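J.: build the 3D model from these lines:
(one chain, ligands or ions: 1)
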Amino acid sequence: MGQRSIGGYFELESRFESEYHAGLVRLNSGRNCLEYILRANHYRKIYLPVYSCSALLEPILKLNLEFEWYAISSDLEPIQLKPLKEDECLLVINYFGLKGRYIAELSKMAINLIVDNSQAFFELPLPKVDTFYSARKFFGVPDGAYLSTNLFLEEEFEKEVSWNRTEHLLRRFENGAMDGYSRFLKNEEYLCGLPIKYMSNFTTRILAGINYKSVVTRRNQNFQYLNLKLKHKNNLSFSDTEIDGPMTYPLYVEKDSLREELIKQEIFVPTYWPNILENSKADQVEYQLSKYIIPLPVDQRYGLLDMDRICNVINSVL
Ligand SMILES: Cc1ncc(COP(=O)(O)O)c(C=O)c1O
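T.: Got it, this is the predicted structure:
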């Protein structure tokens with residue numbers, strides 16, 4: 001592209017306000033933020049939680065790093081942390097955006113901490129703590145991630161191209177969730193094994209046009225409402241005063257049929273993370289968290305009537 005064209009047909013309408021994480025490094029995916037951090041710091045070994053997404057292993061295997069799993073308790077905090085050597089790091093996940101305060105305390109004691117805020121888009125990065133975010137878990141974008149770091153790789157990266165991976169977003173918009181699902185999966189597949197790239201113009205522009213204040217308000221309201229209605233059934237304990245723009249409402253109930261019933265009623269709830277059910281034992285905390293936590297949608301598309309519909313299905317099963 002040379003100079004900017006003037007006139008002619010229009011591009012997609014969008015508004016450019018400001019990004020929530022303006023000033024951070026814009027990359028193409030959360031896992032590639034992790035690769036960036038690992039490379040920039042020349043880490044040799046990483047400690048990461050068993051209760052995590054398999055995508056996090058991608059950069060670790062690619063860079064051929066040593067890794068060791070650690071266990072967490074049912075309140076989603078590491079059980080025992082080993083003292084780190086200089087070239088070792090510790091990855092912690094801000095699960096469901098509920099562990100911000102814990103991670104802030106941990107950061108005062110731990111060295112070489114990496115904070116995965118993929119589930120906590122609105123948690124601000126702590127000073128001097130490598131932190132990353134993944135945008136598509138919170139917004140209708142095909143890719144994109146933000147990285148907060150003080151160490152930069154002296155390398156130029158290509159810019160991601162996203163326009164040809166927007167079909168699932170547009171199909172869901174016009175035709176509903178079922179219509180775009182196979183394209184959504186295809187896009188998820190595309191994001192595996194990608195090199196680090198800068199965030200695409202398309203994703204940047206969409207992320208710059210969101211009214212973040214209203215998104216946070218809506219998510220908080222939905223979350224508080226679900227908590228009010230469901231906390232007596234929820235076996236996961238947390239303080240709802242800590243939440244700010246949460247990703248989902250995590251409901252822990254040991255009832256196998258609930259997830260299927262919700263999905264049957266077109267209330268789509270994921271499993272975090274299916275790899276854990278395959279790789280760990282049924283009596284492990286992580287297995288149980290994976291199996292029994294149902295992340296209920298609370299995002300900006302929905303309001304209290306939708307939350308009521310979710311509660312009605314849950315009450316019909318429990
Ligand atoms: C907790 C967590 N961290 C990191 C990632 C990776 O983010 P991305 O898919 O943007 O690479 C995911 C899921 O994909 C995740 O659930």
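J.: from here on, just use CA atoms for contacts and neighbour counts.
T.: Noted.
J.: what's near enough to touch the closest residue in space to Gly180 that isn't next to it in sequence?
T.: Of all residues not flanking Gly180 in the chain, His168 sits nearest, at 4.3 Å (Cα to Cα, 6 or more residues apart in numbering). Each residue near His168 by Cα atoms under 8 Å, 6 or more residues apart in numbering is listed here: Asp179, Gly180, Tyr181, Ser182, Arg183, Phe184.
J.: and for Met307?
T.: Asn222, Tyr225, Leu226, Val298.
J.: so of the residues you listed, which ones are in helices?
T.: Among the contacts of Met307, the residues falling in helices (DSSP state H) are Asn222, Tyr225, Leu226.
J.: okay, now the residue lying closest to the first one once chain neighbours are set aside: neighbour count?
T.: Counting by Cα to Cα, 6+ apart, Val298 is the residue found nearest to Asn222 once chain neighbours are left out, at 5.2 Å. Other residues within reach of Val298, judged by other Cα atoms under 10 Å, total 25.
J.: how close does Val298 sit to the ligand?
T.: Val298 is 17 Å from the ligand, where distance means Cα to the nearest ligand atom, to the nearest Å.
J.: ditto for Leu318
T.: From Leu318 across to the ligand, the span is 28 Å (Cα to the nearest ligand atom).
J.: tally of neighbours for that residue?
T.: Leu318 is flanked by 11 other residues according to other Cα under 10 Å.
J.: and Leu296, what element?
T.: Using DSSP states H and E, Leu296 sits within strand 293-297.
J.: geometric centre of the protein: which residue is closest?
T.: Centroid-nearest residue in the chain: Ser118, 2.9 Å away (criterion: Cα atoms, centre = their mean).
J.: in three-state terms, label it for me.
T.: coil (DSSP: H, G, I helix; E, B strand; the rest coil).
J.: that one and Gly30 touch, don't they?
T.: Yes. With contact defined as Cα atoms under 8 Å, Ser118 and Gly30 form a contacting pair (7.0 Å).
J.: overlap in contacts of the two?
T.: Taking Cα under 8 Å, 6+ apart as the criterion, Ser118 and Gly30 both touch Phe132, Tyr133, Ser134.
J.: the last one contacts Leu147, doesn't it?
T.: Just to be clear, that refers to Ser134. No. Judged on Cα under 8 Å, Ser134 makes no contact with Leu147 at a distance of 9.1 Å.
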